[in-house]
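Asks: using only what follows, build the 3D model:
(one chain, ligands or ions: 1)
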Amino acid sequence: MKCALVTGGSRGIGRAICVKLASMGYHVLVNYQSNDAEANKTLDLIRSCGGDGELLKFDVSDAEAVSNVLTSFVTSHPESCIEILVNNAGIRRDNLLFWMTHDEWHKVLDISVDGFFYVTQSLLKNMLANKFGRIINIVSLSGLKGMPGQVNYSASKGAIISATKALAQEVGRKNVTVNAVAPGYVETDMTADLDEKSLKNMIPLRRFCQPEEVASLVGFLASKEASYITGEVISINGGLYT
Ligand code: NAP
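Replies: I've put the predicted structure just below:
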């Protein structure tokens, strides 16, 4: 059984990625933190498209929870092989640095950076042993350009961009590729509080991205067609910043 793990798969971009990878034949492991109802909706969508998967509920920033859930999945499914990992879970806690609380700083960094470390390290051993793996990190335009009011978020995405490039060089000889996808504004719960009407005037394509458009790019990076692409950061932002 070939599996794909998508962190933060219950909603938004992660949900669209789960559906895409299921359509490519993967048994999809849908990780999420708390929203059981939305996670079940993702699983229903996967099944309604003829695929299958299961829910894996854990907080990616909790090292012990990550290790417990993933170790128990791997030992109880010896026939399975998690060959795709999409590190997608993330949050925003915007504030000017001057006013930023320690909690706003740490929550964003913990989920993005520690989450990437704990989940990726847990799965890497098997990918290296199997001599195949695809790791795709969802970063952001904010991590490339830097966004005022998002010093925490920009720092967290910038860290993952560098980690992507470094890890790609560590594991390439074992046929494991590591890439990052950097969206601009995507229509999800995360951007629901933004003024889409005025922001879209700054975007050459004059609209926000749909989660399915990000999922198509992730699907490509997960496919055999992308076998020689590694250590890259691919933007999908409607021309907002190049
Ligand atoms: P979203 O709609 O807010 O969904 C966030 C997802 O992450 C949910 O599934 C949530 O689970 C999960 N999550 C949050 N904290 C978690 C934790 N500690 N452990 C496990 N799962 C956790 O966000 P989105 O817009 O789809 O964003 C997905 C990714 O794309 C993020 O990394 C974000 O930074 C990045 N991104 C988004 C945009 C955008 O415009 N939307 C642009 C660039 C990059 P629950 O449902 O259980 O809460």
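Asks: quick one, helices of this structure?
Replies: 12-23, 36-48, 63-76, 102-109, 115-130, 141-145, 151-171, 196-199, 211-222 (DSSP state H).
Asks: distance to the ligand and mean neighbour count for these - can I get that in a markdown table?
Replies: Quick note: C-beta positions are derived from backbone N, CA and C, even for glycine. Listed next are the helices of the chain as a markdown table, based on distance: least, C-beta to the nearest ligand atom, whole Å; neighbours: other C-beta atoms under 10 Å:
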| stretch | distance to the ligand | mean neighbour count |
| --- | --- | --- |
| helix 12-23 | 2 | 26 |
| helix 36-48 | 5 | 16 |
| helix 63-76 | 9 | 15 |
| helix 102-109 | 9 | 16 |
| helix 115-130 | 6 | 19 |
| helix 141-145 | 6 | 21 |
| helix 151-171 | 7 | 19 |
| helix 196-199 | 10 | 10 |
| helix 211-222 | 6 | 20 |
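Asks: for R92, find the nearest of the ones you listed.
Replies: Closest to R92 of those is helix 151-171 (C-beta to C-beta; 5.6 Å).
Asks: so for this structure, the centremost residue is which one?
Replies: In the chain, the C-alpha nearest the mean C-alpha coordinate belongs to N88, at 1.7 Å (C-alpha atoms, centre = their mean).
Asks: does that one touch I138 like I think?
Replies: Yes - counting by C-beta atoms under 8 Å, N88 touches I138, with 4.4 Å between them.
Asks: and F98, how many residues sit next to it?
Replies: F98: 6 surrounding residues under other C-beta atoms under 10 Å.
Asks: begin at 190 from now on, thanks
Replies: All set: I'll call the first residue 190, so the last point we hit is now F287.
Asks: please name every helix or strand in contact with the lowest-mean-pLDDT helix or strand in the chain.
Replies: Confidence across the helices and strands of the chain bottoms out at helix 385-388, with a mean of 94, counting by mean pLDDT, DSSP states H and E. Here helix 385-388 touches no other helix or strand, going by 3 or more C-beta pairs under 8 Å, 6 or more residues apart in numbering; DSSP states H and E.
Asks: CA-only coordinates of it in CSV, if you can.
Replies: What follows is helix 385-388, C-alpha atoms only, in CSV (Å, rounded to 0.1, in the frame of the first residue of the first chain):
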residue,chain,number,x,y,z
GLU,A,385,-9.9,40.1,-1.1
LYS,A,386,-11.5,42.9,-3.2
SER,A,387,-8.7,45.3,-2.7
LEU,A,388,-5.8,42.8,-2.5
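Asks: what bridges to V219?
Replies: Assessed by DSSP bridges, V219 has beta-bridge partners V195, L244.
Asks: mind checking how far the residue of the chain most remote from its centre is from P337?
Replies: Most distant residue from the mean C-alpha position of the chain: F287, 28.9 Å away (C-alpha atoms, centre = their mean). Distance, F287 to P337, by C-beta to C-beta, to the nearest Å: 11 Å.
Asks: likewise C207?
Replies: Distance from C207 to P337, counting by C-beta to C-beta: 33 Å.
Asks: returning to that earlier point: quick one, phi psi at the residue nearest to the centre of the chain?
Replies: Backbone geometry at N277, expressed as degrees, to the nearest 10, gives phi -120, psi -20.
Asks: how near is it to the ligand?
Replies: Computed as C-beta to the nearest ligand atom, to the nearest Å, the N277 to the ligand distance reads 5 Å.
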